[in-house]
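> Below is the sequence, then the predicted model.
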Amino acid sequence: MPEDEALEEGEPKKKSKLPLVIGLVLALAGAGGGFFATYSGLLLGGPDSAASADGHGSGQTKDQKAAGEANAAELAKIAFVPVDALVISLGPASRSKHLRFSSQLEVERSHQEEVAKLMPRILDVLNGYLRAIEVHEIEDPAALVRLRAQMLRRIQIVTGEGRVRDLLVTEFVLN
């Protein structure tokens, strides 16, 4: 018996983990509250603080209004020309049978009619390019960026420099 009593006295008592859990919960609650206060503008001021400093109730500074007006003027110059949808048959080595591709061309409004007149040539160059590339390139998920850049460059060559600003891919479906 004396040995059992000696073992019990030599063993340290297990510490409670309750203070650790409480500290963790309080830290998470504080971090969440701080994030909300900053994000909503309660702590550092939001859009309303800039409006009250100017004395205007719109919530925008003069620089923001000027940038918005410049952006609106820039958007008024842009037009989009739809490109007819293309269905490209893929070879027998492909997991998919067809590629359905549709897009729009971003052009300046002054060039909209010129680009629309060249649509048969644009469709021809897109058809030729999409049929010529390897099937594994089309099936690669990261390939769309590279394909888009190649197609845009070919379209710009067909339409002439400065007419087409961008190619917006609206559908790229393998089925």
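Yes, it's here.
> Compute the first-to-last residue distance for stretch 151-167.
8 Å (C-alpha to C-alpha, to the nearest Å).
> Adjust the sequence numbering to begin at 617 for everything that follows.
In the new numbering, first residue 617, that becomes stretch 767-783.
> mean confidence for it?
On average, the pLDDT along stretch 767-783 is 95.
> Could you pull out the buried residues of it?
767, 768, 770, 771, 772, 774, 775, 779, 780, 783 (16 or more other C-beta atoms under 10 Å). To be clear about C-beta, it is placed using only N, CA and C from the backbone, and glycine gets the same treatment.
> how about the strands in the chain?
694-705, 714-724, 780-790 (DSSP state E).
> circling back: from the buried residues of stretch 767-783, pick the one nearest residue 790.
residue 767 (16.3 Å; C-beta to C-beta).
> got a list of what that closest one touches?
Going by C-beta atoms under 8 Å, 6 or more residues apart in numbering, residue 767 touches 719, 742, 745, 746, 783.
> JSON lines please, covering the residues you listed and showing distance to residue 681.
Shown next, in JSON lines, are the contacts of residue 767 (distance: C-beta to C-beta, whole Å):
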{"residue": "719", "distance to residue 681": "34"}
{"residue": "742", "distance to residue 681": "41"}
{"residue": "745", "distance to residue 681": "44"}
{"residue": "746", "distance to residue 681": "44"}
{"residue": "783", "distance to residue 681": "32"}
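> Among those, find me the one that's closest to residue 692.
residue 783 (21.2 Å).
> and the strands of the chain, which is most packed in?
Highest mean neighbour count among the strands of the chain (mean count of other C-beta atoms under 10 Å): strand 714-724, with a mean of 18.
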